[in-house]
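# Sequence and computational prediction follow.
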Protein chains: 2
Amino acid sequence: MIIDKLFQNVASKGHVCIGLDTDYEYLPTRFAKTYSHISDALFSFNRLIIDATVDVSACFKVQIAYYEAFGMQGLEAYRKTLSYLRDRKAIIIADVKRGDIAKTAEMYAKAHFSGDFEADFMTINPYMGMDTIAPFLPFIKNDEKGVFVLIRTSNAGAKDIEYLPIDVRQTVGLGLSPNSTMVYKVVGEKLNSLGKEYLGICGFSSLGGVMGCTHADEALEVRQQLDTTFFLIPGYGAQGGRAEDIALYLKNGNGGVVNASRSILLAYKKIENGDDNFNELARNEVIRMRDEIRSKI
Amino acid sequence: MIIDKLFQNVASKGHVCIGLDTDYEYLPTRFAKTYSHISDALFSFNRLIIDATVDVSACFKVQIAYYEAFGMQGLEAYRKTLSYLRDRKAIIIADVKRGDIAKTAEMYAKAHFSGDFEADFMTINPYMGMDTIAPFLPFIKNDEKGVFVLIRTSNAGAKDIEYLPIDVRQTVGLGLSPNSTMVYKVVGEKLNSLGKEYLGICGFSSLGGVMGCTHADEALEVRQQLDTTFFLIPGYGAQGGRAEDIALYLKNGNGGVVNASRSILLAYKKIENGDDNFNELARNEVIRMRDEIRSKI
């Protein structure tokens, strides 16, 4: 199970998931100017970041939106970045947040679990229901793949749908626990239950969930109820999540990776004349973050 | 407003939205074999379908999953298909169901409203909240673009989240009407309300919604409450939606387009030796569907 590899990486290399949300504007100006194609500039930047951080991070999350935005050029950079990550034996989370059903979902699975854009995990949006997830299950079972399904995100808008209160009197018969009092709790419970069919030897499932760390008051309850769900955790840093909050979402110090992107990719902007050492400065930030999280467990 | 163009197309050319969910396996074998690159085969098939149907359809919905599945080759076919649709002055709905926030959502808007993959409308998944929609609003206001946000889909799994019952006693103060008793109704109400800032002269908004036609019993209520929302309607045909159901989701015979894909692209399979005339047979099916819907209004 791919989740066992991720679990081992967390244990040996720490909890940091490096978000390669690489906007062209993030590249140091002089560096960017040395490339005549956007695809080469984006890929070369990523390659240097990967080389500098692969031994101190659990995995890489590549946000496809930043590449789609540059059309075919951008997607060529996406393809090459994923290929390079595979060469470096890094674990790849394709942050694509696809959500569709039936044959369309099968096509997304084919797109992101094989061929040019092959990743180890992909993120999924469950709005349309559990049949958005079903087409990915054979890949989890047979092909060492995994998914992270959106449960509770770290943005302010989470209140609009994820936090809507459920009328539990009307959900009797749906097989939900009385704890499923909000939309995100229903989603979490369904996923945790389904995920038990895909447990690794580490005790967590390759069917994981996205769980923002911005609502620390709910963390202990969430961790207890979603007992075998591995978390992809956004919200650290800029969105207000602190290292001590992260610890609440873990179980014996494992069971989650913490995403950070801009704080790593743009670490060079905090240092005078940092442009030429953006990769080393990214590495320093990853190590700082890794150690800060470890110190709170 | 782009919605006025779509409204006019519906009035003059009918309600059919042609779904270019073009799987390579859908191509007639002999036709497919004449191309050495998948991208050329997919694009050439689409081009012939477009030429045969552009005058009898309201718009084209291109499902990107089918192209992503073939990696860079597939996306090259996607790019060329959209470019050709623009040349033919057809209205393009990019069925990408992206859903993300802040800068990531801006990147998706850039990806699908400009450059290689420019479309007129794109579909959006609202699970993460209303901040998944905000980054698209400037494009609606300033750039003749529109979106269709998932409200209630036509798949069986819609019951899992979209139909969850809301505890309305706890939503007091959220500005919702007492009718917002299910997740999809909350989403619909929020969208309809926000959409009123983007009304065309036709009386509908460029901020539209996806509304499956498979729950006809709710159609009148939905149409009444979402009074200015233009619907992209899946579920016709294979999923059980009938022409008489479609009429219930319209308002004075307009305000919605009805998607069909396989029944059109694979019409040739129903006819002996249909392979060589797949485009004409697709046209016949579009006209049949157009006239059937019109006859029930």
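Yep, it's here.

# which other residues reach the longest helix seen in chain A?
For chain A, the helix with the greatest residue count under DSSP state H is helix A:278-296. Applying Cβ atoms under 8 Å, 6 or more residues apart in numbering or on different chains, the external contacts of helix A:278-296 come out as A:13-16, A:18, A:28, A:31, A:45, A:48-49, A:51-53, A:56-57, A:236-237, A:243-244, A:246-247, A:258, A:260, A:263-265, A:267-268, A:270-271, A:274. All C-beta atoms are positioned from the backbone trio N, CA, C, and that covers glycine.

# Keep only those of those residues that are in strands.
Members of the contacts of helix A:278-296 lying in strands (criterion: DSSP state E): A:16, A:18, A:258, A:260.

# from the residues you listed, which is closest to chain B?
A:A260 (14.4 Å; Cβ to the nearest Cβ).

# follow-up on the earlier one: please pick the buried ones from the contacts of helix A:278-296.
A:13-16, A:18, A:28, A:31, A:45, A:49, A:52-53, A:56-57, A:236-237, A:243, A:246-247, A:258, A:260, A:263-265, A:267-268, A:274 (16 or more other Cβ atoms under 10 Å in any protein chain shown).

# Okay, and which of the residues you listed map to helices?
Those of the buried ones among the contacts of helix A:278-296 lying in helices (DSSP H): A:13, A:31, A:45, A:49, A:52-53, A:243, A:246-247, A:263-265.

# Grab the two from those that are most spread out in space.
A:F31 and A:A247 (36.5 Å; Cβ to Cβ).

# Name all residues that make contact with A:A58.
With Cβ under 8 Å, 6+ apart, A:A58 has these contacts: A:6, A:9-10, A:13-17, A:91, A:257.

# Can you give me the end-to-end span of stretch A:209-227?
Its start and end residues considered, stretch A:209-227 measures 12 Å (Cα to Cα, to the nearest Å).

# so where is the stretch 51-200 of chain A shaky, pLDDT-wise?
Along the stretch 51-200 of chain A, segments meeting pLDDT under 70 are nowhere present.

# Adding pLDDT and distance to A:I140, write the ones in strands among the contacts of helix A:278-296 out as TSV.
Listed next are those as TSV, based on pLDDT from 0 to 100; distance: Cβ to Cβ, whole Å:
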residue	pLDDT	distance to A:I140
A:V16	98	24
A:I18	98	23
A:V258	98	23
A:A260	96	26
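
# Now do the strands in the stretch 1-150 of chain A.
Along the stretch 1-150 of chain A, the segments classed as strands by DSSP state E, counting those that start in this stretch run A:16-19, A:59-63, A:92-98, A:121-124, A:146-152.

# sorry, back to before: present the ones in strands among the contacts of helix A:278-296 as a markdown table; the columns should include distance to B:T104.
Converted to a markdown table, those look like this (distance: Cβ to Cβ, whole Å):
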| residue | distance to B:T104 |
| --- | --- |
| A:V16 | 19 |
| A:I18 | 16 |
| A:V258 | 18 |
| A:A260 | 14 |
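
# tell me the two of these that are most distant?
A:I18 and A:V258 (10.2 Å).

# Okay, buried residues for stretch A:196-203 please.
Residues of stretch A:196-203 classed as buried: A:198-200, A:202-203 (neighbour count, 16+ other Cβ under 10 Å).

# What distance separates the opening and closing residues of that stretch?
Distance between the two ends of stretch A:196-203: 9 Å, counting by Cα to Cα.

# swap in stretch A:262-277?
Using Cα to Cα, first and last residues of stretch A:262-277 are 16 Å apart.

# Show me the contact partners of that stretch.
Here stretch A:262-277 has contacts from A:18-22, A:26, A:28-31, A:49, A:53, A:237-238, A:278, A:281-282, A:284-286, A:289, using Cβ under 8 Å, 6+ apart.

# Is A:I38 in contact with A:Y24, as I believe?
Yes. Using Cβ atoms under 8 Å, A:I38 is in contact with A:Y24, at 5.9 Å.
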